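Visitor: everything below, folded, please.
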Amino acid sequence: IATNRGISKIRGTEYKSPHGIPLDLLDRLMIVSTIPYEREEVYQILKVRCEEEDVEMADDALELLTRIGMETSLRYAMQMVISSSLVAEKRKSAEVEIEDIKRVYTLFVDVKRSTQFLMEYQKEFMYNELCNDDDDDEEEEIDDEESAEEEENKKENVEEKKPEQAMDES
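Guide: Numbering: from 1, shown residues only. Now for the predicted structure:
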């Protein structure tokens with residue numbers, strides 16, 4: 001459970017407790033603090049992953065993969081291990097090199113680059129056009145309603161003037 005609610009009411013009761021969790025359950029929970037991995041730890045994790053996947057990787061390629069893991073996420077770097085192995089295999093190489101990792105990096109994007117891409121090109125996506133079209137339709141409907149009201153007001157004014165004109169003529 002991850003929460004930052006502080007002292008709050010337990011749902012369905014009038015009692016208050018830390019994080020809104022019943023006290024008997026709270027007593028059974030364990031707090032586990034987490035800290036980000038250091039560069040050397042990421043390096044070791046990726047090295048073990050390469051061994052488990054039977055991937056031969058050059059030291060400079062593993063360093064690059066470590067840097068990518070520190071800047072993006074360890075999960076993304078670990079997924080790049082097998083993908084870069086396949087790229088190296090296609091090149092008929094027994095060892096993964098920097099070029100293979102660069103190729104995989106260009107083919108598969110991490111969350112940060114994906115988000116940046118979506119933000120940069122959001123105006124060009126089809127859904128964005130539909131949202132804008134809906135907004136335009138709503139504006140047109142409002143304009144149509146306003147012009148209809150104006151026409152009704154003009155008709156009422158004309159009808160009001162007709163009896164006055166009849167009196168003036170007599």
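Visitor: can you tell me how far the residue most central in space within the chain is from Gln79?
Guide: Closest residue to the average C-alpha location of the chain: Thr115 at 6.1 Å, with C-alpha atoms, centre = their mean. As judged by C-beta to C-beta, to the nearest Å, Thr115 and Gln79 stand 17 Å apart. From N, CA and C alone the C-beta is placed, and that goes for glycine too.
Visitor: circling back: which SS state does the residue nearest to the centre of the chain fall under?
Guide: State at Thr115, reduced to three classes by DSSP: H, G, I helix; E, B strand; the rest coil: helix.
Visitor: that one and Arg67, how far apart?
Guide: Where Arg67 is concerned, Thr115 sits at a distance of 20 Å (C-beta to C-beta).
Visitor: same question, Asp27
Guide: For Asp27, the distance to Arg67 - C-beta to C-beta - is 44 Å.
Visitor: more crowded one of these two?
Guide: Counted by other C-beta atoms under 10 Å, Asp27 and Arg67 do not tie: Arg67 has more neighbours, with 14 against 8.
Visitor: quick one: contacts for the more buried one?
Guide: By C-beta atoms under 8 Å, 6 or more residues apart in numbering, the contact list for Arg67 is empty.
Visitor: what about it, distance to Tyr15?
Guide: From Arg67 to Tyr15 the distance is 50 Å (C-beta to C-beta).
Visitor: tell me the contacts of the residue nearest to the centre of the chain?
Guide: Contacts of Thr115 (C-beta under 8 Å, 6+ apart): none.
Visitor: helix, strand, or coil at Met80?
Guide: With three-state DSSP as the criterion, Met80 reads helix.
Visitor: what is the neighbour count of it?
Guide: 26.
Visitor: can you tell me how far it is from Glu40?
Guide: 19 Å.
Visitor: cool, Ile68 as well?
Guide: 15 Å.
Visitor: quick one, which of those two is more surrounded?
Guide: Neighbour count, other C-beta under 10 Å: between Ile68 and Glu40, Ile68 has more, with 20 against 9.
Visitor: the more buried one: which element?
Guide: Counting by DSSP states H and E, the element that carries Ile68 is helix 59-71.
Visitor: ok, Ser17 next?
Guide: Going by DSSP H and E, Ser17 is part of strand 16-18.
Visitor: average pLDDT across that strand?
Guide: Per-residue pLDDT over strand 16-18 has a mean of 88.
Visitor: please point out which parts of it sit buried.
Guide: Buried residues in strand 16-18, defined by neighbour count with 16 or more other C-beta atoms under 10 Å: Ser17.
Visitor: next one: stretch 66-80
Guide: 66, 68-70, 72, 74, 76-78, 80.
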